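Chemist: only geometry, no sequence info:
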């Protein structure tokens, strides 16, 4: 089901809306007798929105057409209208991420309240600039990264951008959303001072290297990128594997940093929560990250040291 999304309907001037449950079912608080116009408004009950976030337009809207007062039933598939399909996939991926942050599951910090997610259909690259939540960026760098979309970014200040060009399968988009929301949880812990150094490094590296993602690790503040991307690739791979099974995905392992460090720590019994606990604002290099992990898990210090030593 399309989970937690807002369903809106109206007949002339009579309106009603509600949110779907996890299975995609919904029930309006008002009753109607005539045919209604139905819409999906991508403002999720979990606290994130997809697209516009204004007084009159709280989120992107997909019209579902006219149907009777008993409600509208719809199955969304890859053959559905592209924007509707991709919005629903991003919605469900984010809903799943928020649900799994809870104490009885991964027990990591939720992203900040009112996260704004934008889908760009002519880009493949994604980002977690966290603009709406106060990250102060050089907008010229943002313009270079997002090209023709930069005026929209300056006007509406999204937190997360998801590039969905040529991405039509659920699992690929799912992994991208989990990756960027892992960044948003990290941001919620370390704040804007950390984030400004991290995101400026990422965007400048991409622009100045003609599209080489993350550069080569030699620039100023590369450590912020190293730790941030290790975390996001590890968590997205973990969630992807637990959802789809099969071989453990090697997300991010071809770059100059090593998200597999976190995977091996996980396999040795150091949980995602314990890893996240170590990701405070002092963790801007492998050495500092290792010290934080040992401080939080002194009984596993030898295992932590062995894993980190593999990648030095």
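Modeler: In hand now; what should we look at? What you see is a predicted model, and the numbers here were worked out from it, not measured in a lab.
Chemist: by mean pLDDT, flag the weakest helix or strand of this structure.
Modeler: Every helix and strand of the chain was ranked by mean pLDDT, DSSP states H and E. The lowest is helix 150-156, at a mean of 61.
Chemist: what's the following helix or strand after it?
Modeler: Following helix 150-156 in sequence order, the next helix or strand is strand 160-163 (DSSP states H and E).
Chemist: what does that next one contact?
Modeler: The contact list for strand 160-163 (Cβ atoms under 8 Å, 6 or more residues apart in numbering) reads 90, 115-120, 123-130, 146, 149, 153, 173, 176-177, 180-181, 183-184. All C-beta spots, glycine's among them, are computed from the backbone N, C-alpha and C.
Chemist: quick one: buried ones out of these?
Modeler: Among those, those buried by neighbour count (16 or more other Cβ atoms under 10 Å) are 90, 115-120, 123, 125-130, 146, 149, 153, 173, 176-177, 180-181, 183-184.
Chemist: which residue is the nearest non-sequential neighbour of residue 71?
Modeler: Distance criterion Cβ to Cβ, 6 or more residues apart in numbering; nearest residue to residue 71, sequence neighbours excluded, is residue 26 at 7.4 Å.
Chemist: wait, I meant residue 224
Modeler: residue 198 (3.9 Å).
Chemist: the one you found: what's it in contact with?
Modeler: Residues counted as contacts of residue 198 (Cβ under 8 Å, 6+ apart) are 221, 224-225, 228.
Chemist: re earlier: so which of the contacts of strand 160-163 sit within strands?
Modeler: Of the positions in those, 115-120 sit in strands, assigned by DSSP state E.
Chemist: surely residue 237 touches residue 244?
Modeler: No: Residue 237 is not in contact with residue 244 according to Cβ atoms under 8 Å; the separation is 10.8 Å.
Chemist: which of the two has more neighbours?
Modeler: Looking at residue 237 and residue 244 with other Cβ atoms under 10 Å, you find the greater number of neighbours at residue 237, namely 24 against 13.
Chemist: now do the SS call for that one.
Modeler: Three-state assignment for residue 237 (DSSP: H, G, I helix; E, B strand; the rest coil): helix.
Chemist: what's near enough to touch it?
Modeler: Residue 237 is in contact with 175, 248-252, 259, 263, counting by Cβ under 8 Å, 6+ apart.
Chemist: not counting sequence-adjacent ones, nearest residue to residue 82?
Modeler: residue 121 (7.3 Å).
Chemist: and the pLDDT at that neighbour?
Modeler: On pLDDT, residue 121 comes in at 88.
Chemist: can you check residue 190 too?
Modeler: The model reports residue 190 with a pLDDT of 96.
Chemist: list the buried residues in the helix or strand hosting it.
Modeler: Assessed by DSSP H and E, residue 190 sits inside helix 170-208. By neighbour count with 16+ other Cβ under 10 Å, helix 170-208 contains the buried residues 170, 173-188, 190, 194-207.
Chemist: just stretch 264-273 next, same as before
Modeler: 264-266, 270, 272.
Chemist: what about that stretch, distance to the chain center?
Modeler: On the basis of Cα atoms, centre = their mean, to the nearest Å, stretch 264-273 sits 22 Å off its chain's mean C-alpha point.
Chemist: what about that stretch, average pLDDT?
Modeler: On average, the pLDDT along stretch 264-273 is 96.
Chemist: hmm, back to that, closest one of the contacts of residue 198 to residue 11?
Modeler: Using Cβ to Cβ, residue 228 is the member of the contacts of residue 198 that lies nearest residue 11, at 48.7 Å.
Chemist: from the contacts of residue 198, pick the one nearest residue 71.
Modeler: residue 228 (43.5 Å).
Chemist: quick check: nearest residue in space to that closest one, chain neighbours excluded?
Modeler: Residue 228 sits nearest to residue 198 (Cβ to Cβ, 6+ apart), 5.0 Å away.
Chemist: and the one you found, how far is that from residue 171?
Modeler: Using Cβ to Cβ, to the nearest Å, residue 198 is found at 27 Å from residue 171.
Chemist: again with residue 92
Modeler: From residue 92 to residue 171 the distance is 12 Å (Cβ to Cβ).
Chemist: which stretches in the protein count as helices?
Modeler: Counting by DSSP state H, the chain has these helices, from start to end: 82-100, 139-146, 150-156, 170-208, 222-244, 260-267, 272-278, 286-296, 301-309.
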